[in-house]
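In: need a 3D model of the following:
(2 chains)
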Amino acid sequence: MMSTNLRAWRTRACAVLVVLFTLAQTHPAFAYLKFGFEVNGQQYTLKWSGPVRYYVSDVSVPGVTQSQFQAAADNAFKTWTSVKTATLSSQFMGFTRSLPGEDDGRTTLGFLNEPTLDRVLASTSYLVDGSTGELIEADIFFNSAFPWSVAAAGEQGRFDVETIALHEIGHLFGLGHSAIGETEMGSGGRRVLSTGAVMFPIALGPGDVSMRRLRPDDIAGISDLYPAAGFNRETGSVSGRITKSGAGVFGAHIVAFDIRSGEMVGNFTLGTDGQFSIAGLQPGPHLLRVEPLDDADTTSFFDAADPVDVNFTTTYFERLVIVPRGGDSGAAEIGVVSK
Amino acid sequence: MRACVIAAGATACLLFFTVTTVIAQGGPHDRVEIAGGVRWMGPLDFGTVDAKETTFGNSTRSLFSTTSQLDRSVGATATVSVRAIRALRVEGSFSYSPTGLTVRVTNDVEKVPDTQARAPVTQFLVEGGLLAPVGARGRLTPFVTGGLGYLRQLNDGRTLVETGRSFYAGGGLYYVRAATHPRRVKATGARVDVRAAFLRDGVAPDSRMRGAPAVTAAFFARF
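Out: This next block holds a predicted model:
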C-alpha cells in the first residue's frame, strides 16, 4: 500500500490546513477550520470513518504514570465523544512500546522528550493512505520537556494532561484551531488573557484545569464534522462576506454571538473574496463581530504565505442576523476599515 | 408565571367589583361592537448578556456586553366584542405591529465604540378577554379589561417564527355617540385603553414574563 506521509508536528499541520482552503469554498457551510489534504488531485477532509482505536505509549514521566496518562486521555476522548450532536467514538486498545510518530498503523498517544520544541506542549500528526485518502493513524505526542500533572484540581507549575489532551484530540478528530480568545504581548512572548474555545491555540498556563470542558465553538465544530442525525436540521448557519474598500478580506475572524444564550461560535474568511460561513448555530438572533487575527500567530491558522489581512479595526455588523432552523441566514456583507 | 397570576387575579377582582355597580351601557340591542384603531406598546427589556471567555483559574472575562430589547411599536388593531350580559363584554382582538429587536453593544475589550445592531420583527397578537364598564358619565363610560392571547413574532425575512403568550390588564374610556342610522348602527364613538401588557417567549431570550405599557385608541361602531 502506497502511502503519503503527512506526519509532521504542529508546525507542519498548518501546511495541511492550507489545502483545505480550496476545499472549504466548495462547501456551502461549515463551522470550523478543518484539516484537509489532497491525494492524487482529489481533496479530502480529514476525518475518521469509524471509531478511533488508540494506544498509549508505555512511557511515564515525573508526576504521571502511563496508567494515569491513559486515564486522563480517556477522559478527554469521552468529553469529545459525549457531544450529543456529534457521532464519533473511541476505544482504548492497550499500552504499546511504540512511540508517537512511528508509522506503524497505530494511533498512539504518549510522551516524547523534545526540548528543542520549547514552545510546543503537544502536537498531533496524521498518516494518510496516498492511494485512497484513508486516514490510517494519528499520533499525539506530549512534550516531556515540560512538567505534567493529572491532579484533579491541577498542580501549580505543571500542565494538565487532560486539558492538553482535549485540545490535541480535537485535532486528531480533524478540527483546526479556533481564534476565540484574547492575548497580549509581553516581554516573555504572547500571554493568554482569556479563551472561549478548547481549540484556541495557546494554553492558559500551567496549573489550570478550566479548559477540560468543551465550549460552544468546539461543539459546533465537532458536530459539523461528525453530525448526528438531526443536527443540520435543528441548527442553522450564517454566511456572508467581509470587505475593506470593496475588496474581500482574507483571514478575518468572525464570531457569531447568540444574544440569548451568550454562546460564541467563530470562523474565518478563507479566501481573498472574503466569503465566510458559520454553521452549527442555534436558531435565533446573532450578533456578528469581525476582528483581525491578531490574538495568535496567523500561522496557527493559516500558511505563512497566505495574505492574511490584520490591518482593520474590530467591527460589529449593524444588523442582527437571524439564524433559521435548518437553513442559512442569507448573505451578510460587512465592511471593515483600516486601522 | 407569578406576574401572570397576579395580573389575572387583579383583573378578575376588578371585574367582580365592577359588574355589581355597572350602569346600563347602550341600548338592549347593541350587542356587537367592532372597533379599529392604533396601538402603541412600550419597549420590552430583555436584559444584559455578556460575551464571556474563560481566564486562568476558571474565572471569566467579558469580551463585550449586550443589552437587548424589543423596540416600542405602533401598529394597527381590530376588535370585535359581544355583550355577554348587561355589564360584561367578551371581546377578541387582532393586532399587527412592525417593531424591531435591538441590541446595544458596550464595553468591548478592543475599545470598539459602543454601537447597536437591529433586526426588524413583525408582531401579531390574537387576544381574547373580558371588558366591564364601571359606570357612565354622560357620553363617557370608563371600563376595565383583562385577557390573554397568542403572540407570534416573525423575524426579518420570515426566517424564523417565534411564538409566545400575552396577558393584559387595564382600563379605559368609551366616548359614545348616538348613531345617525339607528336601524343599522346603534352607536358609534371612540375608545381609549391603557394596559399593562405582558409577553412571554417569542423573541425573548427566556420564558420570563415581561411587561410593557400599551395604549390603544380606536373608533367603534355597535350593531
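In: ok, residue A:268 - contacts?
Out: Residue A:268 makes contact with A:33, A:179, A:251-254, A:276, A:293, A:301, according to CB atoms under 8 Å, 6 or more residues apart in numbering or on different chains. C-beta coordinates here come from the backbone N, C-alpha and C atoms, glycine included.
In: and chain B, which of those residues contact it?
Out: The overlap between the contacts of residue A:268 and the neighbours of chain B (CB under 8 Å from any CB of the partner chain) is empty.
In: how about a markdown table for the residues you listed, with secondary structure, distance to residue A:163 and pLDDT added?
Out: Output for these, formatted as a markdown table (DSSP: H, G, I helix; E, B strand; the rest coil; distance: CB to CB, whole Å; pLDDT from 0 to 100):
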| residue | secondary structure | distance to residue A:163 | pLDDT |
| --- | --- | --- | --- |
| A:33 | coil | 20 | 69 |
| A:179 | coil | 19 | 92 |
| A:251 | coil | 27 | 93 |
| A:252 | coil | 29 | 95 |
| A:253 | strand | 23 | 95 |
| A:254 | strand | 26 | 96 |
| A:276 | strand | 29 | 95 |
| A:293 | coil | 23 | 89 |
| A:301 | coil | 21 | 84 |
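In: so which of the residues you listed wins on neighbours?
Out: Ranked by neighbour count (other CB atoms under 10 Å in any protein chain shown), these have residue A:179 at the top, with 30 neighbours.
In: do you know how far it is from residue B:75?
Out: Separation of residue A:179 from residue B:75 (CB to CB, to the nearest Å) stands at 42 Å.
In: in the stretch 201-339 of chain A, which spans are helices?
Out: Assigned by DSSP state H, counting those that start in this stretch, the stretch 201-339 of chain A shows helices spanning A:216-225, A:231-234.
In: of the ones you listed, which is nearest residue A:49?
Out: Closest of the helices of the stretch 201-339 of chain A to residue A:49 is helix A:216-225, at 12.1 Å (criterion: CB to CB).
In: so which residue is dead centre in chain B?
Out: Central residue of chain B (CA atoms, centre = their mean): residue B:197, 4.2 Å from the mean position.
In: for chain B, see how far away residue A:258 is.
Out: 8 Å (CB to the nearest CB, to the nearest Å).
In: give me the number of residues near that residue?
Out: Residues lying near residue A:258 (other CB under 10 Å) number 21.
In: so it touches residue A:283, yeah?
Out: No. Contact criterion CB atoms under 8 Å: residue A:258 and residue A:283 do not qualify, at 9.6 Å.
In: if we can go back for a sec, I'd like the next helix or strand past the helix or strand the residue nearest to the centre of chain B falls within.
Out: Assigned by DSSP states H and E, residue B:197 falls within strand B:187-201. Next in sequence after strand B:187-201, counting helices and strands by DSSP H and E, comes strand B:209-222.
In: which residues does residue B:192 contact?
Out: Contacts of residue B:192 were listed using CB under 8 Å, 6+ apart, and they are B:172-173, B:215-218.
In: for these, pick the one with the most neighbours.
Out: Among those, residue B:216 has the most neighbours (other CB under 10 Å), with 25 neighbours.
In: what's across from that one in the sheet?
Out: Going by DSSP bridges, residue B:216 is paired in beta bridges with residue B:39, residue B:193.
In: just the pLDDT for it.
Out: With respect to pLDDT, residue B:216 scores 97.
In: do the same with residue A:16
Out: Per-residue pLDDT puts residue A:16 at 33.
In: just want the angle from the helix or strand hosting residue B:33 to strand B:209-222.
Out: Element membership for residue B:33, per DSSP H and E: strand B:32-41. Orientation note: strand B:32-41 sits at an angle of 140 degrees relative to strand B:209-222 (axes from the mean of the first three to the mean of the last three CA atoms, to 10 degrees).
In: who's the closest residue to residue A:267 other than its chain neighbours bridged to?
Out: Spatial nearest neighbour of residue A:267, excluding adjacent residues (CB to CB, 6 or more residues apart in numbering or on different chains): residue A:278 at 4.6 Å. Under DSSP bridges, the beta-bridge partners of residue A:278 are residue A:238.
In: distance check, residue A:278 against residue A:321.
Out: Taken as CB to CB, the span from residue A:278 to residue A:321 is 10 Å.
In: in terms of neighbours, single out the busier of those two.
Out: For residue A:278 versus residue A:321, neighbours defined as other CB under 10 Å are more numerous around residue A:278 (30 against 27).
In: OK, contacts around the residue lying closest to the residue nearest to the centre of chain B once chain neighbours are set aside?
Out: Spatially, and ignoring its direct neighbours in sequence, residue B:197 is nearest to residue B:214 (4.2 Å; CB to CB, 6+ apart). Residues near residue B:214 by CB under 8 Å, 6+ apart: B:39-42, B:168, B:170, B:194-197.
In: same question, residue B:54
Out: Residues counted as contacts of residue B:54 (CB under 8 Å, 6+ apart) are A:194-196, A:204, A:210-211, A:215, B:60-61.
In: could you pick out which of those are located in strands?
Out: Counted as lying in strands by DSSP state E, out of those, are A:194-195, B:60-61.
In: could you export those as a markdown table, including pLDDT?
Out: Output for the ones in strands among the contacts of residue B:54, formatted as a markdown table (pLDDT from 0 to 100):
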| residue | pLDDT |
| --- | --- |
| A:194 | 94 |
| A:195 | 94 |
| B:60 | 95 |
| B:61 | 95 |
